[in-house]
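>>> A structural model of the following input is requested.
(2 chains)
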Number of protein chains: 2
Amino acid sequence: MRKLEVMTKQPRRRGETVRRAVLDATAAELTDAGVEHVTIAGVAARAGVHETSIYRRWVTKEALLLETAQEQTAGGVPEPDTGSFRGDLVALILALDAFVRSPIGGALLRVARTTSTADGATARETFWRDRLRSSSDIIDRARARGEIRPAVDPELLMQAVVGSVHLGVTFGGRPLDRARAEELVDLLLAGAGMPAADR
Amino acid sequence: MRKLEVMTKQPRRRGETVRRAVLDATAAELTDAGVEHVTIAGVAARAGVHETSIYRRWVTKEALLLETAQEQTAGGVPEPDTGSFRGDLVALILALDAFVRSPIGGALLRVARTTSTADGATARETFWRDRLRSSSDIIDRARARGEIRPAVDPELLMQAVVGSVHLGVTFGGRPLDRARAEELVDLLLAGAGMPAADR
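Numbering: from 1, shown residues only, chains lettered A, B, ... in the order given. Alright, predicted model coming up:
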């Protein structure tokens, strides 16, 4: 909301140009310097804008880092449309695993995890809502094809999907190959419990 | 291995006493100072030992932090035995969620996530192997009761269980109540896909 208000006070094109330059500079600084060493001064120098322009728009460094994370993740993990729910989930998992292991993906994950102020918490929630929204087409198509149980809460499912990938990366798992990604998806689709008929 | 070799060179009781004092001091420093500000000097002062004793035993700060994480997590998340697989998983999820949200749990999660050297990577893998081992009784009992599909890889299931909890905490989810924990477990046990008969 705040961002919109600022933007209506300025010519829109100029606002977008600055925004783009700052987000790109932040992504580059994250990759080069690492999460711990990114500074607003460094971002401003790289983007060729005044520090005050950054503070006016984002207020805190955390908000800037998280908006960068959001943008880069959306670009780095495209939403698959393979024709089946299983195929979409496998493709999503493989793309997510590869992204989280990339330099920028790793830096962004660390941003999402280490911001700790109240502002950071709100930004993290926004980030996650956004990620959920970006997978809602996968869910909608699966529903339309009758591939998902109506009672399933898509948020819990995506929490298990994304959480499994993040945990594997964090705790030293090897990159997922297709066979392992399929195994994970089959577990999430069929469940770990005995089918009712066999009980 | 390295730890064992060191310990056999010293009287065992003395070794254990130092180890205990250092791990307790590290946990206290983590809670008080935060992951970013823990130093070997601070831990040594609090534990009343020489810094060299710490370096001799743990070699790196990361290894020390991760061993502390391992110990504290084992103590903070007891392994439930409720009589059913579903009950065990619900109890495990509730305990894990509460622990990860506690000051020491949050600090430890950050340790596990932010260590980045090769040494840290090995220690993280050890940490995760250890966590998996600690849930193997839950799996074994579920197998004995015929509550788990034989084809399920317990590691993938635990990755989904623990990953879901971590992600919920990281991205600003509210603490899990029993109803939500049950919903997550039911999803993981029954799966998100349509049962074969309904397809």
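
>>> from memory A:Val22 sits against A:Ile54, does it?
Yes. The pair A:Val22 / A:Ile54 is scored as a contact, 5.8 Å apart, by Cβ atoms under 8 Å. (C-beta placed from N, C-alpha, C; glycine too.)

>>> which residues do the two both contact?
A:43-44, A:47, A:64 (Cβ atoms under 8 Å, 6 or more residues apart in numbering or on different chains).

>>> Filter those down to the buried ones, ChimeraX style.
Command for ChimeraX, covering only those of the shared contacts of A:Val22 and A:Ile54 found buried under the criterion 16 or more other Cβ atoms under 10 Å in any protein chain shown:
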select /A:43,44,47,64
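
>>> Could you check which of A:Val22 and A:Ile54 is surrounded by more residues?
A:Val22 (24 against 21; other Cβ atoms under 10 Å in any protein chain shown).

>>> Wondering if the host helix or strand of that one reaches chain B at all.
A:Val22 belongs to helix A:12-33 when assigned by DSSP states H and E. No. Counting by Cβ under 8 Å from any Cβ of the partner chain, chain B has no neighbours in helix A:12-33; the shortest distance is 14.1 Å.

>>> ditto for stretch A:99-108
No. If you take Cβ under 8 Å from any Cβ as the test, stretch A:99-108 misses chain B, and the best it gets is 8.8 Å.

>>> relative to helix A:12-33, how tilted is the strand or helix carrying A:Ala45?
Using DSSP H and E, A:Ala45 sits in helix A:40-47. Counting by axes from the mean of the first three to the mean of the last three Cα atoms, to 10 degrees, helix A:40-47 lies at 110 degrees to helix A:12-33.

>>> Domain map for chain A?
What automatic domain parsing lists as the domains of chain A is A:2-59, A:79-192.

>>> any chance of those domains in a markdown table, plus mean pLDDT?
Formatted as a markdown table, the domains of chain A follow (pLDDT from 0 to 100):
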| stretch | mean pLDDT |
| --- | --- |
| domain A:2-59 | 82 |
| domain A:79-192 | 86 |
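
>>> Point out the most buried one among those.
domain A:79-192 (a mean of 18; mean count of other Cβ atoms under 10 Å in any protein chain shown).

>>> Run the chain-centre distance for that domain.
9 Å (Cα atoms, centre = their mean, to the nearest Å).

>>> and what of stretch A:186-199?
Relative to its chain's centre, stretch A:186-199 lies at 30 Å (Cα atoms, centre = their mean).

>>> Kindly export it (C-alpha atoms) in CSV.
Output of stretch A:186-199 as CSV, limited to C-alpha atoms (Å, rounded to 0.1, in the frame of the first residue of the first chain):
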residue,chain,number,x,y,z
ASP,A,186,3.9,-40.0,-5.0
LEU,A,187,4.2,-40.0,-1.2
LEU,A,188,2.4,-36.7,-1.0
LEU,A,189,-0.3,-37.8,-3.4
ALA,A,190,-0.9,-41.4,-2.2
GLY,A,191,-0.1,-40.7,1.5
ALA,A,192,2.1,-42.7,3.9
GLY,A,193,-0.8,-44.6,5.5
MET,A,194,-2.3,-47.9,4.5
PRO,A,195,-5.2,-47.4,2.0
ALA,A,196,-8.5,-47.8,3.8
ALA,A,197,-9.3,-51.0,1.9
ASP,A,198,-6.2,-52.7,3.2
ARG,A,199,-6.6,-51.7,6.8
